[in-house]
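J.: Build me a structure from this.
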Amino acid sequence: MWLLENNIARLDTDELSAKVDMLRPGDGIHDLVVRDFKLPGTRLLRVLSPLHERKQEQLFESYARGRDLIATYSPTLDCPLRPQICWRVRDFQTKSSDCTGWEFIVSMQTSLLDSDASVTVATDLDADEVWRLADIHRAEFEKIEERDPSGQQIDPCNGTSVVLFRTTQPDLSYVEIVQPSEFHDSKLFSNTPQDTRVTWSRKLFRNERLEKGVIRRTRIWGFFVPHRYDLQSAFNCWQELQGISPPLTA
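T.: Alright, predicted model coming up:
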């Protein structure tokens, strides 16, 4: 599914087409076409820190294997961590609809005795509406009405690891779910209160220390779903993903 050539990975399936620049993980998944809908300017699952602090990314190894695209980065002076990123194409079947998207896995390790393990991941897209799962017991979502250019803080609480964006394209919503145990805090940014362009930024492993011989790993699931029943589909996917074991650490 993934085709890797000169550090540029291309994805082309019946449902999705996209690109990833292995040397620029901060650009995320881009050049997206979903079910014939073009999403110009959309950048999904951008790994910002600690990689964005590097003057030049040091790609140690990268390869494409079927549904998996994997990149490992070498430590540098300004980033003593050894991150590994996996972009895994995945289909989600729910009671209400079928969804297509990614399982995004980030692993961090270091050769030092003590390092900051935190990772910032952001998504940029155009959305008419943004919703978050507010009550997991009642399967209730609430609409995020306020759009603050300085960033609206979304504190961790019941269900906030599930966020749904109703894109400006007709009949297309996008959902991101962070592995709940690794979700700490996030912000929703927009240029102006009326602007449809939003940025959803999350910090993973916040304030956690990483030592030699330990691997910290987390997952984010991102998928597209039709507007109809999109909230129910998002909740159904969240329920399904709760049964998946956490990524192993060593």
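J.: and Phe92, what is it in contact with?
T.: With contact set as Cβ atoms under 8 Å, 6 or more residues apart in numbering, Phe92 has these partners: Asp98, Cys99, Thr100, Gly101, Trp221, Phe223, Cys237, Glu240. All C-beta spots, glycine's among them, are computed from the backbone N, C-alpha and C.
J.: and if we set it to 6 Å?
T.: Cys99, Phe223, Cys237 (Cβ atoms under 6 Å, 6 or more residues apart in numbering).
J.: again with Glu61
T.: Thr72.
J.: That one - that's part of a strand, no?
T.: Yes. Counting by DSSP: H, G, I helix; E, B strand; the rest coil, Glu61 is found in a strand.
J.: follow-up on the earlier one: with respect to Arg43, which of the contacts of Phe92 is nearest?
T.: Phe223 (16.2 Å; Cβ to Cβ).
J.: who's the nearest residue to that closest one once chain neighbours are set aside bridged to?
T.: Spatially, and ignoring its direct neighbours in sequence, Phe223 is nearest to Gly101 (2.9 Å; Cβ to Cβ, 6 or more residues apart in numbering). Beta-bridge partners for Gly101, by DSSP bridges, are Arg90, Phe223.
J.: Tell me how many other residues crowd Gly101.
T.: Gly101: 25 surrounding residues under other Cβ atoms under 10 Å.
J.: so which of the contacts of Phe92 comes closest to Ile177?
T.: Of all these, Ile177 sits closest to Cys237, with 6.7 Å by Cβ to Cβ.
J.: Three-state assignment for that closest one, please.
T.: helix.
J.: what helix or strand does the closest residue to it other than its chain neighbours sit in?
T.: Closest residue to Cys237 apart from its sequence neighbours, by Cβ to Cβ, 6+ apart: Phe92 at 5.2 Å. Here Phe92 sits within strand 84-93, counting by DSSP states H and E.
J.: Please write out the alpha-carbon positions of that strand in PDB.
T.: Output of strand 84-93 as PDB, limited to C-alpha atoms (Å, rounded to 0.1, in the frame of the first residue of the first chain):
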ATOM      1  CA  GLN A  84      10.400   5.800  15.900                       C
ATOM      2  CA  ILE A  85       7.200   6.500  14.000                       C
ATOM      3  CA  CYS A  86       4.800   4.000  12.400                       C
ATOM      4  CA  TRP A  87       2.000   5.100  10.100                       C
ATOM      5  CA  ARG A  88      -0.300   2.000   9.700                       C
ATOM      6  CA  VAL A  89      -3.200   2.100   7.300                       C
ATOM      7  CA  ARG A  90      -6.200   0.600   9.000                       C
ATOM      8  CA  ASP A  91      -9.900   0.000   8.400                       C
ATOM      9  CA  PHE A  92     -12.400   0.400  11.200                       C
ATOM     10  CA  GLN A  93     -15.700  -1.500  11.200                       C
END
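J.: what comes up buried for that strand?
T.: For strand 84-93, the neighbour count (16 or more other Cβ atoms under 10 Å) marks Gln84, Ile85, Cys86, Trp87, Arg88, Val89, Phe92 as buried.
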